[in-house]
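*Asks:* test case, fold it:
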Amino acid sequence: MALRKQKKLKLFAETVNAENKTATEDGEDRLELQTWSDLPLELVKLIMSRLTLEDNIRASSVCKRWHNAAVSVRVMYQSP
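*Replies:* Numbers count the residues shown, from 1 in each chain. Below is the predicted model of the structure:
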């Protein structure tokens, strides 16, 4: 399962890098500036799933999009 997610993320990163490259006058490639809101929801959920419960709750207060992602992956009663 984790291997499949890693492959998806790698493929997505390659796709994003290919789409965001723009040719400059010198013929060199540069990446356009991006914001945190440009992160795909799948990646935000993956990040949120790796946080502790306390950090997950803190991160969920950033914005509505992060709140929805944090709540969707939150595990409150995890057995040891």
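
*Asks:* how near is the closest residue to L51 other than its chain neighbours to E14?
*Replies:* Spatial nearest neighbour of L51, chain neighbours left out: A59 (6.2 Å); criterion: Cβ to Cβ, 6 or more residues apart in numbering. Bear in mind the C-beta positions are built from the backbone N, C-alpha and C, glycine included. For A59, the distance to E14 equals 27 Å [Cβ to Cβ, to the nearest Å].

*Asks:* neighbour count for those two, which is higher?
*Replies:* Each of A59 and E14 has its neighbours counted (other Cβ atoms under 10 Å); A59 has more, 17 against 10.

*Asks:* contact partners for that one?
*Replies:* For A59, the contact set (Cβ atoms under 8 Å, 6 or more residues apart in numbering) comprises M48, L51, W66, A70.

*Asks:* doesn't the first one belong to a helix?
*Replies:* Pointing back at M48 there. Yes. Checked against DSSP: H, G, I helix; E, B strand; the rest coil, M48 lies within a helix.

*Asks:* tell me the pLDDT of it.
*Replies:* On the pLDDT scale, M48 is placed at 92.

*Asks:* you'd agree it is up against W66?
*Replies:* Yes. The pair M48 and W66 passes the contact test of Cβ atoms under 8 Å, sitting 7.4 Å apart.

*Asks:* about what we covered before: show me the two of the contacts of A59 that sit farthest apart.
*Replies:* Considering Cβ to Cβ, no two members of these lie farther apart than L51 and W66, which are separated by 10.9 Å.

*Asks:* so which of these two has more stuff around it?
*Replies:* More crowded of L51 and W66, by other Cβ under 10 Å: W66, with 21 against 16.
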